[in-house]
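1. Here is my input; please provide its structure:
(chains A and B)
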Amino acid sequence: MKTDLSPRMKTALYGLMCVLLIPFVFPTWWMITSSVKPISDIFAFPPDLWPRRFDLTTYARVFELQPFARQYWNSAYIAALVTAGTMVISSMAGYAFARIKFPFSNAIFMVVLLGLLIPSEVTIVPLFQIFLGWGMINTHWPLILVPIFGAPSVFATFVMRQFFIALPNELEEAARVDGLGRFKIFWTIALPLAKPALGAVAIFTFLHSWNLYLEPIVFLSSTQMFTLPQALTQFTDAYGGAMWNIQLAAATMTAIPVLLVFIVAQKQFVEGLAHTGLKG
Amino acid sequence: MSASASPNQKRPFWTIARRDAAAGYIFIAPQLIGIIIFVLVPLGLVFWYSLHEWNVLAASFNFVGAANYQMLLADPNLPQVLVASAIFSAGLVILNMSLALLLAVLLDQKLKGMVVFRTLFFSPVVVSLVAWTIVWSFLLQNNGGINGMLAMLGIEGPNWLRTPTTAMISVVVVQVFKNVGLNMILFLAALQGVPKELYEAARVDGTGAFKQFRRITLPLISPTILLTSIITIVGSLQVFAQIAVLTQGGPGMTTTVLVYYLYQQAFQFHFFGYGSTLSILLFVIVALLTFAQWQLRKRIVFYEN
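-> The predicted structure follows:
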C-alpha cells in the first residue's frame, strides 16, 4: 500500500480528493456567503460564489426576531454541564469496571451496556411523563439529566473502560502497596493518564448535546428556553416560509465557533477520537 | 494478610477485598442509579403504556391489553414506515462505510498536505447538525444552489425534496456527508495499525495492491468495521432532526422513518399508548440488529485482541 507514488499517480489522487471535498466544504462556504447576501440575491441565477452585495443587517435581525443570545447561552451552558457531568460519571464507572474487583461487576457492566440499546428516542414518552410529574417540563433539566445518565454516558463509560484496560497497571499497583486509597489513586494517577480518552469523551458528549433536537422540541415550549438547533428552525415569515438569509446567519453563528475551536485543536480532536478504543 | 495474623488477633472488618468492593460500588453508583432511573424504569414504563389506550387530550387511560399491538399489525402506514426506515438505514450504512473506507485509504497514502484534507473531510462532524441540515435544505430547494449549478451545465435538476425518490436520496446523502468523517478517522487509525511488514512480504511475493487490500487490510481492520457498522446502524435508526428539517417525512410518507412516525403519533396526535407501542417496536429492531451483528462477528471478524 505505502509505496512511493509516481508523480502522475499523485496528481490523480490530489484531483480525486479535491472533487470529493466539494460536498464537505461547499455547504459551509455557501452558508457563510449566503448569510451576508440581501434576500433578493439569495436565489440569484447564476449562483454567486462570492456575494455581489453585502447585507449585514441579517445578523442584527437574528437577535431582533428571537432571544438569540439567550438561546445561545442555553445551548452552551447545557452542553458544558452535560460534558462535565458525563466526564465525571463515566471516568469513575469506566475505571471501576476496568480496575476494581467487586462482586457482580460483570453482571452490572452488562446491565449498564443495555443502555446503549435504549436510546432516548425509545423512552421519550415515559421520560416526558416522568419530567411532567417532577414539574420539569419547559425547564432544561431533561436536556441535562437524560444525556448525563442515558445512552451517551454509557458509551462514554465503555470508552473509558477500554482505555483503562489497555493502560499498564504498574504505577497504580505500586501506589497501592504504598497504601494509597482507591480514590486517591484514581484522581492523582489514573485520571491524568487518561487525558486522551477523556478528550474523546468530552468531544462526543459536547457534540451530542449541542446537536440535540428531539428532546428540546418535546420538552421545551417557550422561546426563552429554546436551544440553538430548535431556534434555528423558527426563523419563518407569517406564511411559514423560511427566511433563508436570516436563518443562514443564525446557522453561521451556531456553526463557526465550534468549527474554529476544531481547526485550532484538530490534532488533539482527531487523535483523541482515534483512541476511543474502537479499534477493536 | 490474614495468613500472617495470629488466631487471637481480631481481623479488621475492612479487609482489602471489602474496601475494594466498597470503592467499586461507590465509583459505579452514579452511573448505575442513573441508568435505572433514566433508562430502565422508562423502558419498563414504555412497555406498560403500550398496553393502554391513552389519548392525552381526551385524558383517557384504559388498559387494553394487546390491542395496540393488534393495531400496530393492522396499521396501514406501518409497511411504508418500515420500508422507509430500511431504505434509509441500508443506504446510509452502505454509503457511509464505503465512503469512509475510501477516504481513509486515500488519507493513508504518503502525500503532503494530508492533514489539511483530513481536517476538511472531518469538518462537517463539528458543524451543528441542524445548521448543516438547513444549509442543505437551502441548497436543495427547487430554485436553490444545486439546481442553479446544474442549470449552468444545461441540466434541469429535480425538485429534490418534493420528489419521492430524490427526497430519500437527499436525506441519506446529507447525513452521510455530515458524519462520515467519524468513521473515516476510526478506519484511518485501524489502517495505520496494520503492521507494515505484512505488505512488504506480500510485495516480495508479487501480490497486487488490490489483492493486498482484500487479503491483508480488510481482515485486519475487520473488528473496526464491525464496531463502526453497529454504531452507524443504531445511529441511523435514531435519525430525526434531518427528516424534520428537510422533508417533514414527505412527500407523502416516503421519508417518514420510524422515529419520526413515533414522534408524530405521540407528540402531534397525542396517542401516547400507540406511540409507546411504536417505541417498543423501535427497541426490538435496535436490539435484534445489534445482536445479529454481534453474532456475525464470529464469522466475519478475522481476529480480535
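2. need the helices for the stretch 1-150 of chain A, in chain order.
-> A:7-35, A:57-65, A:68-99, A:105-117, A:124-133, A:141-149 (DSSP state H, counting those that start in this stretch).
3. Near the closest residue to chain A within the stretch 201-305 of chain B, how many other residues are there?
-> Chain A sits closest to residue B:223 of the stretch 201-305 of chain B, with a gap of 2.7 Å, by CB to the nearest CB. C-beta: built from backbone N, CA, C; applies to glycine. Neighbourhood size, residue B:223 [other CB atoms under 10 Å in any protein chain shown]: 20.
4. Can you point out the helix or strand that includes it?
-> helix B:218-237 (DSSP states H and E).
5. mean confidence score for that helix?
-> In this model, helix B:218-237 carries a mean pLDDT of 86.
6. can the helix or strand just after it be found next to chain A?
-> Next along the chain after helix B:218-237, taking DSSP H and E as the criterion, comes helix B:241-246. Yes. Part of helix B:241-246 sits near chain A under the criterion CB under 8 Å from any CB of the partner chain, namely B:241, B:244, B:245.
7. Likewise for stretch B:155-172?
-> No. Counting by CB under 8 Å from any CB, chain A is not contacted by stretch B:155-172; separation bottoms out at 11.9 Å.
8. Output that stretch as PDB - backbone C-alpha positions only.
-> Only the C-alpha atoms of stretch B:155-172 are listed here, as PDB (Å, rounded to 0.1, in the frame of the first residue of the first chain):
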ATOM      1  CA  ILE B 155     -29.200  20.200 -16.800                       C
ATOM      2  CA  GLU B 156     -32.700  20.700 -15.300                       C
ATOM      3  CA  GLY B 157     -32.500  19.300 -11.700                       C
ATOM      4  CA  PRO B 158     -35.500  17.800 -10.000                       C
ATOM      5  CA  ASN B 159     -37.300  19.400  -7.100                       C
ATOM      6  CA  TRP B 160     -35.100  17.300  -4.700                       C
ATOM      7  CA  LEU B 161     -37.100  17.400  -1.500                       C
ATOM      8  CA  ARG B 162     -40.500  17.200  -3.100                       C
ATOM      9  CA  THR B 163     -40.000  14.200  -5.300                       C
ATOM     10  CA  PRO B 164     -40.200  10.800  -3.500                       C
ATOM     11  CA  THR B 165     -37.000   9.100  -4.800                       C
ATOM     12  CA  THR B 166     -34.800  12.200  -4.700                       C
ATOM     13  CA  ALA B 167     -36.200  13.200  -1.200                       C
ATOM     14  CA  MET B 168     -35.000   9.900   0.200                       C
ATOM     15  CA  ILE B 169     -31.600  10.100  -1.600                       C
ATOM     16  CA  SER B 170     -31.200  13.600  -0.200                       C
ATOM     17  CA  VAL B 171     -31.800  12.800   3.400                       C
ATOM     18  CA  VAL B 172     -29.400   9.900   3.200                       C
END
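9. How far away from the center of its chain is it?
-> Offset of stretch B:155-172 from its chain centre (CA atoms, centre = their mean, to the nearest Å): 23 Å.
10. before we move on, what about stretch A:161-181?
-> 30 Å.
11. now stretch A:194-209
-> With CA atoms, centre = their mean, you get 8 Å for stretch A:194-209.
12. Could you report the neighbour count for the nearest residue to residue A:256 once chain neighbours are set aside?
-> If you skip the residues right next to it in sequence, residue A:256 has residue A:32 as its closest partner in space, 7.7 Å away by CB to CB, 6 or more residues apart in numbering or on different chains. Neighbours of residue A:32 under the rule other CB under 10 Å: 17.
13. Could you report the pLDDT at residue A:32?
-> So residue A:32 comes in at 92 (pLDDT).
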